[in-house]
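[1] quick check, what structure comes out for this input:
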Amino acid sequence: MVNRNNILYYLVIILFCFLGLRIAQLQIIEYKKYQNLAKNNTTRTSLTRAPRGLIYDRNKNILATSKQSLSVIVYPARLRQTEDQEAVAKLLANFIELSEEELLSIFKEMDPSAPLPLILDNDISIKSAIKIYENKKHLPGIAVEEQATRYYPYQAVGAHLLGYIGQINNQELKEGKASGLGLGDIVGKDGLEKVFDDVLQGDKGEARVAVDRYGKSLLTEDKEQEKIVKKAIKGTDLNLTIDIELQKVAQEALGEELGAVVVMNPKNGEIYVLVSNPSFDPNIFTKPVPNKVFNELMGKKAFINRSISAYTPGSIWKPFTTLTALEHQVASETEMLVVSGSLNINGYRFGDWTGEQKIMNLKEALIWSRNTFFYQIAKRMKPEWIADIGRQFGAGEATGIELKGEADGVVPDPEWKRKNMKEAWFPGNTLHLSIGQSFLQLTPIQAAKMYSGIANQGFIATPHVIKDPTKEGLEPIDGISKESFRIVTNALEECIARGTGQASKLEKVKVAGKTGSAEVQGYAHSTHGWFASYAPADDPEILVVVFMEGGGHGGSVAAPVAKKIYEAYFRNKGPVGPL
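    Numbers count the residues shown, from 1 in each chain. Next comes the predicted model:
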């Protein structure tokens, strides 16, 4: 018979063993867990934003930085506890730029679990800050704090390149979870700010503040109770190839006209200027933008980056048609053809920009951009020949510039038309392609890359705005003779000296280039104005492409813009300095 005392003895031993194991689990194995729980009952963790990395131009001018300003912020969790958000929005609207309706919309959409406060307004006046402080008890969750705010000292100059920042939205939150982004974070929304957001972000800081049992801060005025757990680490800086002074010249030269300017070193692909007009001030996006302001910018199509958007190029394409004709030996430098106001083929009229009748060779036709000459040599060519030469120079493919949204452009041929338009290719399509019309589309940055191949007589540069030695090499073009390049480059020099591009001519520096006027519909002027050029013609160190959307004839509207840029650059070797 089992002794009951022994059973009780063993049960006590087993019980104490379980208790010992549980104590060991709590005090040794799960020590950190319960320590953190206790700590969280007596302290509150506060995250601090890290200053974003700076963005510099090639001469160390600051293009994007951070400055201290008084910001109006909202703590979502605290505001969500009040039932009268309408009253808060109505009162706060008296002290900041946002309307009552805009504030209420923000309040209703914000997530109460956001670890960082949301910014409602920046750079408020001392007077406004005092008013908010005086009404503090009526504005739960609203505070005024001194914060580092993104600042673009050159405002609208270079806005499409730099981009802008803003508070993270739900879609960006899903995409950025792997990068440690959370509600309330500030992220790049466009331009380089978006492309290099993970580089510019930095690491958030963390601090613990003592709180009472209700979660209210016990922080004293001298902040002695605040404990910094982790200091914020500033983001990495970006160094650009851009020259902001030359960028200003280009932007001022465009004035109020729609368009774009690309200035590049054809020897290594460094972009000195990337302008799109109309522009906008990226500083306005450091806080919620009033609907009226945003709608005005949308109405002006100010957010379109025209430097990487595709348009019909017109006659700046003719040098590539010329190279095609020479390489396929369907035209020579000496052959003479009659040019006039139009050419009739199979009952269709193909016009020229002037009705003046002359006898010209290939070089003169390029200098004076005579369509009827190119129609005649186009009849001798296959459209695939022209398309192939264009593609060798980079047409129809994005350049890879460090920006989102770059268009590929279009280089049409019979296969493209069958696939995209479900139609056969007609002889007239080849004529239009030869002069850069119809389905053909290039971006200004793409035109710069293509003309680097002409400037370097067979070597193409890769456009880039971040200093990157791996992108500075030149890519050779196979199958085009030095003789063909000689004929084309000589014609481009003469185009400026005495042809359609004379409005860009300089006294002491020889410029080479080609004007373009692409026929379009829906504008006050019926043509896009283009001008693609480089200088000095015999040893190019700068390449300028100007595009004027619906601006008129390239020789009269785009070439003068390029001249102002050349004058600024070559004045004492211009503002472009060493990196």
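[2] element containing Phe16, please.
    Element membership of Phe16, judged by DSSP states H and E, is helix 4-24.
[3] for Arg486, give its distance to Gly184.
    According to CB to CB, to the nearest Å, Arg486 and Gly184 sit 62 Å apart. Bear in mind the C-beta positions are built from the backbone N, C-alpha and C, glycine included.
[4] name the residue in the two with the higher neighbour count.
    Neighbour comparison, Arg486 and Gly184: the larger count goes to Gly184, with 22 against 13 (by other CB atoms under 10 Å).
[5] now do the phi/psi pair for that one.
    Per-residue torsions, Gly184: phi 90, psi -10 (degrees, to the nearest 10).
[6] then the one 4 residues further on?
    Recorded main-chain torsions at Gly188 are phi -70, psi 130, according to degrees, to the nearest 10.
[7] what is it paired to in the beta sheet?
    Beta-bridge pairing for Gly188 (DSSP bridges): Ile165.
[8] can you show me the strands along the stretch 1-150 of the chain?
    Shown for the stretch 1-150 of the chain, the strands assigned by DSSP state E, counting those that start in this stretch span residues 43-48, 55-56, 62-74, 118-121, 142-151.
[9] let me know the angle separating the longest one from strand 142-151.
    It stands for strand 62-74. Strand 62-74 and strand 142-151 meet at an angle of 170 degrees, taking axes from the mean of the first three to the mean of the last three CA atoms, to 10 degrees as the criterion.
[10] mind listing what's buried in the helix or strand containing Glu494?
    Glu494 belongs to helix 482-498 when assigned by DSSP H and E. Using 16 or more other CB atoms under 10 Å as the burial criterion, the residues of helix 482-498 that qualify are Ser484, Phe485, Ile487, Val488, Thr489, Asn490, Ala491, Leu492, Glu493, Glu494, Cys495, Ile496.
[11] who's in contact with that helix?
    Here helix 482-498 makes contact (CB atoms under 8 Å, 6 or more residues apart in numbering) with 319, 322-323, 326-327, 333, 362-363, 366-367, 369, 454, 457-458, 501-502, 504-505, 510-515, 533, 537.
[12] which of those residues are buried?
    319, 322-323, 326-327, 362-363, 366-367, 369, 454, 458, 501, 504-505, 511-515, 533, 537.
[13] what about Asn94, neighbour count?
    11.
[14] check contacts around it.
    Contacts for Asn94 (CB under 8 Å, 6+ apart) come out as Lys131.
[15] dump the residue contacts of the residue nearest in space to the middle of the chain.
    Centroid check for the chain by CA atoms, centre = their mean gives Gly191 as the closest residue, at 3.1 Å. Neighbouring residues of Gly191 by CB under 8 Å, 6+ apart: Ala159, His160, Leu161, Leu162, Gly163, Tyr164, Leu403.
[16] of those residues, which belong to strands?
    Taking DSSP state E, every one of the contacts of Gly191 sits outside strands.
[17] redo those residues as TSV? Include distance to Trp385, pLDDT and neighbour count.
    Formatted as TSV, these follow (distance: CB to CB, whole Å; pLDDT from 0 to 100; neighbours: other CB atoms under 10 Å):
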residue	distance to Trp385	pLDDT	neighbour count
Ala159	41	97	26
His160	36	98	28
Leu161	36	98	28
Leu162	41	98	24
Gly163	40	97	25
Tyr164	44	96	24
Leu403	32	97	22
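[18] buried set for stretch 448-464?
    448-456, 458, 460-464.
[19] equivalent analysis for stretch 385-392, please.
    Counting neighbours by 16+ other CB under 10 Å, stretch 385-392 gives Trp385, Ile386, Ala387, Ile389, Gly390, Gln392 as buried.
[20] in space, what's closest to the first one - neighbours in sequence excluded?
    It stands for Trp385. Thr324 (5.1 Å; CB to CB, 6 or more residues apart in numbering).
[21] Tyr523 against Gly550, yeah?
    Yes: judged on CB atoms under 8 Å, Tyr523 makes contact with Gly550 at a distance of 2.8 Å.
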